[in-house]
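Asker: predicted model follows, preceded by the sequence.
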Amino acid sequence: MGNGRRLWLIDAGYLFSAQLSVGASYAFDYKRLREKLEELGGPLWRAYYLNSTPNPPSDAQDKFHSWMRTAPPIGPKIITKLYRLKTIGVDEAYCDNCQGMVAVRCEQQPATGQRHPLARREQKGVDVGIATLALTLAPEYETLLLSSGDGDLLDAVEHLSQENKRFELAVFKSGVSTELQARADAIYWIDDFAEDVARY
């Protein structure tokens with residue numbers, strides 16, 4: 001197509017978890033990260049932040065998402081796509097050693113009395129959202145810049161490579177699928193410029 005456009009797709013859950021690999025108190029700033037990625041690889045045509053949030057989101061989350069969408073010089077101008085966190089009840093878990101299901105119990109639960117309800121929250125829809133954006137917007141861009149470590153996106157990446165799209169990663173060195181690494185035309189390791197994009 002020859003338009004040189006770069007599309008940045010962000011798995012917010014991945015970046016939030018992976019930043020801790022730099023240090024327990026480390027946090028990056030999205031505006032500074034966008035500026036650094038544009039300095040290293042050229043302008044970004046469009047950026048999407050995909051995340052799962054409680055329903056309804058907190059006031060602090062609403063304020064953060066509003067800032068994310070704000071254009072420079074105030075914000076990073078990133079489109080937010082939010083999905084509901086899925087809550088799954090838990091009363092058993094699989095034990096690798098025993099090769100069977102075992103009961104799960106809250107340590108704060110009294111020996112007798114009412115059982116504490118346990119639940120696991122998991123991101124739902126983010127991977128599908130990333131793959132859908134990458135594929136449906138493909139006619140509009142030349143380079144996909146992905147901030148995710150999830151190997152489940154491999155099929156979408158392979159399809160895009162067959163369409164002659166350039167594929168780049170902007171990731172931390174922790175938790176990135178080696179399958180994605182092997183297919184990347186360029187990798188921007190955030191650890192290598194962590195101080196430049198740190199939040200103060």
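Answerer: Arrived safely, thanks for sending.
Asker: can I see the domain layout of this structure?
Answerer: In the domain annotation for the chain, the residue ranges read 6-84+123-197, 86-121 (automatic domain parsing).
Asker: and the longest one, average pLDDT?
Answerer: What it means is domain 6-84+123-197. For domain 6-84+123-197, mean pLDDT is 95.
Asker: which one of the domains of the chain is the most hemmed in?
Answerer: domain 6-84+123-197 (a mean of 17; mean count of other C-beta atoms under 10 Å). Where you see a C-beta, it was placed from the backbone N, CA and C, and this is true even at glycine.
Asker: give me the helices and strands touching the helix or strand hosting E35, please.
Answerer: Here E35, judged by DSSP states H and E, is contained in helix 30-41. Secondary-structure packing of helix 30-41 (3 or more C-beta pairs under 8 Å, 6 or more residues apart in numbering; DSSP states H and E): strand 6-11, strand 143-147, strand 166-171, strand 186-189.
Asker: the third one pairs with which strands, and in what direction?
Answerer: As defined by DSSP bridges, the strand partners of strand 166-171 come to strand 143-147 (parallel), strand 186-189 (parallel).
Asker: thinking again about what came up before, same list (the helices and strands packed on helix 30-41) but as CSV, adding distance to L40.
Answerer: Below are those laid out as CSV (distance: least, C-beta to C-beta, whole Å):
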stretch, distance to L40
strand 6-11, 11
strand 143-147, 10
strand 166-171, 9
strand 186-189, 6
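Asker: of all these, which one is nearest Q114?
Answerer: Q114 lies closest to strand 6-11 among these, at 37.9 Å (C-beta to C-beta).
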